[in-house]
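Visitor: What would the 3D arrangement of this be:
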Amino acid sequence: MTIESQPSIAMRALLAAVGQGPTHGRSLTRGEASIALEAIFSGAATQAQAGALLLLQRYRGETADELLGYVDAVRARSVALATRVEGLLDVGSPYDGRTAHVVVSPAASIVAAAAGVPVLMHGEPNLGPKPGVTVGDVIGALGVATDLRREAVARGIEGCGIGYVRQAEAAPALAAVKPLRQELGLRTPLHVVDKLADLAAAPYHLLGVAHIPYIRVIAPVAAALGWQRAMVVQGIEGHEDVTTSRGTRVVEIDAAGEQHEWRFDGADFGLTAASDEDLAPGDAADSARMTLAVLDGSAGDGQRDLVLANAALRILVAGRAANLVEALDHARDALASGGARRTFDAWRAVG
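Guide: You can find the predicted model right below:
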């Protein structure tokens, strides 16, 4: 009898392996991690077993193989979001949102799309542990549909260069364990899997982390998943948005998993530093108003340059510019020409 054929027995064995303490415990292999998450998805694992595994890994720290195994399990129960575009950028925003700062990602993604970078954003509402304003909340406040089927999302990306898909549509098995995650009330490896699942097979990725040393896990995952280039940012509240008011650590990862770290500082590019007022959180409607003000040209220099900086990073990681100066020029052109506003109007009409 193999553990593959008896998922409930597998979970007991895997919990024993992981939970033996710092001396005798071990990490899961990629295959074992996939079996474990499938047991959670199927209900073969009890709630106690599922919670125990996720919390043990939170405190031990997950490995690249464990994350890859979890991604394998998610993909096995998902239908890919297929788009007929080249150079898609997957923006991996933390799903639990932001509590202390404005949400810049939708505005920056619209500008990047207008500059020729097809962008996919994704999320799921009301997911802890610290429920805040999410990209989906802001997109909804902008009047864009956030509950589209994957086929409609794909058509939107093909037509106007940008889309948003809920996890419940793209990865329903992962979305179905939301009650367990909410009950645990702590971050688990699944919060990372949210950002790594890559259900549209995008060659380019942008994601945020709270701690740059975590790159040692993400880099081999990116290489194993076949990403052409990824950019990991230690941005606002551990998200993918950089601020122009202070320096931000950025790590680029190439197709082989090699890393290049540098520091973004808006002052180096003549950008106006965002003030505390520019960064003030408010609610989803406030971030939506900031987005519209930037697109319409009525925003102040601080908010405009905040969006330009983040759009430029998207343009750069997607290979549409040779350097950040050129990427900023493309972002400025997209705003000044009205292309960003037209992209947004087209996106809002997708249904």
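
Visitor: For stretch 288-298, the averaged confidence score.
Guide: Mean pLDDT, stretch 288-298: 98.

Visitor: er, stretch 330-337 actually
Guide: Across stretch 330-337, the average pLDDT comes to 98.

Visitor: Using CSV, write out every CA atom in that stretch.
Guide: The C-alpha trace of stretch 330-337 is given here as CSV (Å, rounded to 0.1, in the frame of the first residue of the first chain):
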residue,chain,number,x,y,z
HIS,A,330,7.4,54.5,-22.1
ALA,A,331,5.2,55.0,-19.1
ARG,A,332,5.2,58.8,-19.4
ASP,A,333,4.2,58.4,-23.1
ALA,A,334,1.3,56.1,-22.2
LEU,A,335,-0.1,58.7,-19.8
ALA,A,336,0.6,61.8,-21.9
SER,A,337,-0.9,60.3,-25.1
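
Visitor: Run through who's touching that stretch.
Guide: 111-112, 114-116, 294-295, 297, 304, 308, 311-312, 315, 320-321, 339-340, 343 (Cβ atoms under 8 Å, 6 or more residues apart in numbering). Backbone N, C-alpha and C define where each C-beta goes, glycine included.

Visitor: change it to 6 Å
Guide: For stretch 330-337, the external contacting residues (Cβ atoms under 6 Å, 6 or more residues apart in numbering) are V111, A114, A115, L308, A311, A312, I315, A321, A340.

Visitor: Just give me the longest helix of the chain.
Guide: Assignment by DSSP state H gives helix 301-317 as the longest helix of the chain.

Visitor: Poorly predicted segments of the protein, please.
Guide: 1-9 (pLDDT under 70).

Visitor: what about S287, neighbour count?
Guide: For S287, the count of nearby residues is 26 (other Cβ atoms under 10 Å).

Visitor: That one against V103, yeah?
Guide: Yes. In this structure S287 lies within contact range of V103 using Cβ atoms under 6 Å: 4.2 Å.

Visitor: overlap in contacts of those two?
Guide: In contact with both S287 and V103: V138, using Cβ under 6 Å, 6+ apart.

Visitor: May I have the phi/psi pair for F264?
Guide: Per-residue torsions, F264: phi -90, psi 130 (degrees, to the nearest 10).

Visitor: Show me what it bridges to in the sheet.
Guide: According to DSSP bridges, the partner residues bridging F264 are T248.

Visitor: That one and R249 touch, don't they?
Guide: No. At 8.0 Å, F264 does not count as touching R249 under the criterion of Cβ under 6 Å.

Visitor: what sits against S109?
Guide: V119.

Visitor: Next: A17.
Guide: A17 neighbours (Cβ under 6 Å, 6+ apart): R26.

Visitor: Can you classify A36 by secondary structure?
Guide: helix (DSSP: H, G, I helix; E, B strand; the rest coil).

Visitor: Return the residues in contact with it.
Guide: A36 touches L14, L53, counting by Cβ under 6 Å, 6+ apart.

Visitor: And R249, by the same measure?
Guide: I212, Q234, R263.

Visitor: Check T134 too.
Guide: Per Cβ under 6 Å, 6+ apart, neighbours of T134: G97, G123.

Visitor: now the residue nearest in space to the middle of the chain, which residues is it bridged with?
Guide: What sits nearest the mean C-alpha location of the chain, by Cα atoms, centre = their mean, is G92, with 1.0 Å. Counting by DSSP bridges, G92 is bridged to L207.
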